[in-house]
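Novice: With the input below, show me the fold.
(one chain, ligands or ions: 1)
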Amino acid sequence: MNHKQRMEIVIAGQGLAGTLLAWELWKRDIRFRIFDPGYGNHSSLAAAGMFSLLAARRLKEMELAGQQYKVMKETFGQIVDELGRKFLHELPTARLMTNEEIPAWEIAAKGGISHLVKSVYPEFKAMGVANGYGAAIIEPSGYIDLPEFLHSMREWMATKQLLIEESVDYNSLKTSANGFMINGHTKSRKVIFCEGPSISNNPWFNYSNIRQNKGEWIEIEAPGLSQEHIIKKEIFILPLGNGRFRVGATFSHGEMDHNPTEAARTELEEKLRTMIHVPYRVTDHRAGIRPSSRNRLPVAGPHRDIPGLYIFNGLGSRGVIQAPWYAKILCNEIGPQK
Ligand SMILES: Cc1cc2nc3c(=O)[nH]c(=O)nc-3n(C[C@H](O)[C@H](O)[C@H](O)COP(=O)(O)OP(=O)(O)OC[C@H]3O[C@@H](n4cnc5c(N)ncnc54)[C@H](O)[C@@H]3O)c2cc1C
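Specialist: Numbering: from 1, shown residues only. Next up, the predicted model:
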């Protein structure tokens with residue numbers, strides 16, 4: 001890039017956070033560029049992309065989940081209109097449970113979460129699912145195909161010349177009149193860092209306390225297993241079509257690398273075998289890192305000391321339902337009118 005350009009906003013990182021923020025800026029006609037080299041740590045590409053409004057262990061709706069779901073649907077609906085492709089897939093969840101758990105679910109299903117629990121079966125029958133479980137059928141739930149979404153949005157932003165295929169170089173970030181100079185060629189009034197787990201390299205936000213949490217999943221082929229529901233117990237089984245399923249995920253605070261481990265695969269397969277009784281074949285095994293905050297809420301807002309620098313991170317394991325909501329709020333806060 002040899003010409004200098006002046007922007008209102010530069011976004012660093014084209015994961016889920018940066019992409020949805022870019023979408024909101026584009027809708028508001030705010031002049032921006034999004035920087036991402038297209039390689040490196042990428043939490044969103046490792047994610048199953050599932051959403052649900054229910055905190056199943058507490059038998060409660062998650063805080064703000066109803067409103068966040070509405071915003072997520074609205075946002076992905078608008079994206080379908082612009083890109084002509086659908087990324088959000090609704091699919092009910094069957095949460096398997098033991099006999100002892102059923103009474104509490106039956107009470108909850110008639111009370112405060114009746115709008116989320118469609119039915120409770122004392123004996124759940126579905127092709128390939130192990131016998132002896134009851135199940136609660138939970139809706140709304142489903143998943144966003146994040147790899148498809150992020151690749152399509154990347155292409156779309158590239159054709160609109162909104163994408164710069166570079167990392168934001170922290171060392172070369174300079175304060176200039178009315179803002180910042182990024183990578184020696186782009187001036188911007190504001191910079192919003194959306195680097196997911198790579199925030200650990202960012203010297204400006206080293207106080208932000210975003211933690212890393214490793215997750216692993218396997219992909220299986222199980223032609224005899226029902227594709228009607230996302231099946232959940234301690235782990236999830238997400239139907240991908242054509243007899244393929246993603247099974248995950250583990251949570252670990254150990255080594256923060258992207259290497260799949262034998263221990264995680266054993267854990268996943270042991271849990272899987274308690275949920276299904278049909279043969280399967282493991283076809284893939286991967287790992288990713290979740291960026292999460294201590295209080296499990298996203299971090300979206302200004303730098304504590306430096307005007308013009310912002311962060312949008314800490315989406316944790318609920319990025320899909322939270323990101324559209326927080327992208328909108330952050331965008332309202334940073335728009336050029338302020
Ligand atoms: C195994 C696993 C399963 C998950 N399952 C789910 C799920 O089912 N549902 C759900 O809601 N969430 C899930 N998550 C969590 C979800 O993936 C994250 O909350 C979300 O993807 C984080 O998005 P992000 O944009 O903050 O980070 P990322 O997706 O990591 O994006 C950061 C981007 O910033 C770029 N970048 C880094 N440094 C720079 C720089 N200096 N300059 C420019 N660009 C830079 C990177 O290349 C990357 O593209 C899962 C996560 C894992 C690991």
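
Novice: Which residues belonging to the host helix or strand of I231 are considered buried?
Specialist: Per DSSP states H and E: I231 is located in strand 230-232. Neighbour-count burial for strand 230-232, counted by 16 or more other CB atoms under 10 Å, picks out I230, I231, K232. Using the backbone N, CA and C atoms, a C-beta is placed for each residue, glycine as well.

Novice: ditto for stretch 227-238
Specialist: When neighbours are counted by 16+ other CB under 10 Å, the buried residues of stretch 227-238 are found to be Q227, H229, I230, I231, K232, K233, I235, F236, I237, L238.

Novice: Residues contacting it, please?
Specialist: Contacts made with stretch 227-238 from outside it, assessed by CB atoms under 8 Å, 6 or more residues apart in numbering, are listed as 48, 50, 56, 91-97, 126, 129, 133, 137, 141-143, 225, 239, 241, 243, 245-249, 268, 271-272, 274-276.

Novice: Would you mind checking the residues you listed for buried ones?
Specialist: For these, a burial check counting by 16+ other CB under 10 Å picks out 48, 50, 56, 91-97, 126, 129, 133, 137, 141-143, 225, 239, 245-249, 268, 271-272, 275-276.

Novice: So, low pLDDT: which residues of this structure?
Specialist: When the per-residue scores of the chain are filtered using pLDDT under 70, the ranges that remain are 1-3, 40-41, 336-338.

Novice: so what are the domain limits for it?
Specialist: According to automatic domain parsing, the chain is divided into the following domains: 5-47+147-210+295-334, 93-138+211-292.

Novice: closest to K73 out of the ones you listed?
Specialist: In terms of CB to CB, the element of the domains of the chain nearest to K73 is domain 5-47+147-210+295-334, at 8.8 Å.

Novice: does the ligand sit close to the closest one?
Specialist: Yes - contact between domain 5-47+147-210+295-334 and the ligand, assessed by CB under 6 Å from any ligand atom, occurs at 12-18, 35-36, 40-44, 46-47, 167-168, 194-198, 313, 315-320.

Novice: what packs against the biggest helix by length in the chain?
Specialist: Counting residues, the longest helix in the chain under DSSP state H turns out to be helix 65-83. Packed against helix 65-83 by the contact rule (3 or more CB pairs under 8 Å, 6 or more residues apart in numbering; DSSP states H and E) you find helix 16-27, strand 88-90, helix 146-159, helix 319-334.

Novice: could you dump it to CSV, C-alpha only?
Specialist: C-alpha atoms of helix 65-83 as CSV (Å, rounded to 0.1, in the frame of the first residue of the first chain):
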residue,chain,number,x,y,z
ALA,A,65,-30.5,-13.4,26.0
GLY,A,66,-34.0,-12.6,24.6
GLN,A,67,-33.0,-9.2,23.3
GLN,A,68,-29.6,-10.5,22.1
TYR,A,69,-31.3,-13.2,20.1
LYS,A,70,-33.6,-10.7,18.5
VAL,A,71,-30.6,-8.5,17.5
MET,A,72,-28.7,-11.6,16.2
LYS,A,73,-31.6,-12.7,14.0
GLU,A,74,-32.2,-9.1,12.7
THR,A,75,-28.4,-8.7,11.9
PHE,A,76,-28.0,-12.0,10.1
GLY,A,77,-31.3,-11.3,8.3
GLN,A,78,-29.9,-8.1,7.0
ILE,A,79,-26.6,-9.8,6.0
VAL,A,80,-28.6,-12.4,4.0
ASP,A,81,-30.3,-9.5,2.1
GLU,A,82,-26.9,-7.9,1.3
LEU,A,83,-24.8,-11.1,0.6
